[in-house]
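Peer 1: Below are the sequence and a predicted model for it; my questions follow.
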Amino acid sequence: IYSQVIDFGSSCYEHQRVYTYIQSRFYRAPEVMMGAKYGMPIDMWSLGCILAELLTGFPLLPGEDEADQMACIIELLGMPPQRLIEQGKRSKNFISSKGLPRYCTATMLPDGTTLLSSGMSRRGKPRGLPGSKSFVTALKGCQDKYFIDFIRRCLEWEPEKRLTPAAALRHAWLRRRLPRPPHDDDPSPAPPANVSIHQPQLQPQPQPHQPPQPHHNHAKRLAQTKCTDK
């Protein structure tokens, strides 16, 4: 299987963040939606969403709009950390002043406790309470613990806790599929186990045909004979 990365139309360098539209909605990191500081970890969030979709054939977080997108994230990951909420300029669009998700319905009971009820999207899709959906359910019954852990670590709320590209290459889910790296004293990379390399055998090359050389010694003897006869 060969993969090709394409479509860098909305990509930018970290020091040149000039776009108002960052990431497609299904793959958009929460810090982008909340208006907090973002950087390269948003790409690892997108990677986790894409890998999950490649496995199941369905978007992992299919929000109908940005508010519903956040609802899908909270349903899977639970409530965002307070620090992230405080950093986001648009956090109030998703989290109320009481720290409750806006997609849910909050009911105050006589004893002063708050009862939280699940919500729905604009098209009537149910959105469960914070953290009510498991990764196994979200991944359509996937039981691969390494894959689930890989996706879970890509989808950390806090960007600094998210899986980095270097750490991803060392993760057990990828290590069992990637060829083993060469040793330090081996300058050439080892071939994959299922690939055999045949060294070509050198065959002696035929020599080009050469015309017969004149017999110089015989001609020299004839010349000497002529001189003597004179």
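Peer 2: Nice, I can see it.

Peer 1: What segments of this protein are strands?
Peer 2: Applying DSSP state E to the chain gives strands spanning 105-108, 114-117, 119-120, 126-127.

Peer 1: Pretty sure Glu75 sits against Phe135.
Peer 2: No - judged on C-beta atoms under 8 Å, Glu75 makes no contact with Phe135 at a distance of 11.7 Å. C-beta: built from backbone N, CA, C; applies to glycine.

Peer 1: who has more neighbours, those two?
Peer 2: Using other C-beta atoms under 10 Å, the more surrounded residue of Glu75 and Phe135 is Glu75, with 23 against 17.

Peer 1: which ones are touching that one?
Peer 2: Listed by C-beta atoms under 8 Å, 6 or more residues apart in numbering, the contact set of Glu75 reads Arg127, Gly128, Leu129, Pro130, Gly131, Ser132, Lys133.

Peer 1: Mind checking which of the residues you listed are buried?
Peer 2: Listed as buried from the contacts of Glu75 are Arg127, Gly128, Leu129, Pro130, Lys133; burial here means 16 or more other C-beta atoms under 10 Å.

Peer 1: Not counting its own residues, what contacts stretch 22-41?
Peer 2: Contacts for stretch 22-41 (C-beta under 8 Å, 6+ apart): 10, 14, 17, 42, 45-46, 49-50, 53, 59-63, 65-66, 69-70, 73, 80, 84-85, 87-91, 94, 157, 159-160, 162, 164.

Peer 1: how much space is there between the spatially closest residue to Glu156 that is not a sequence neighbour and Gly9?
Peer 2: Residue nearest to Glu156 in three dimensions, not counting chain neighbours: Arg162, with 4.4 Å by C-beta to C-beta, 6 or more residues apart in numbering. According to C-beta to C-beta, to the nearest Å, Arg162 and Gly9 sit 24 Å apart.
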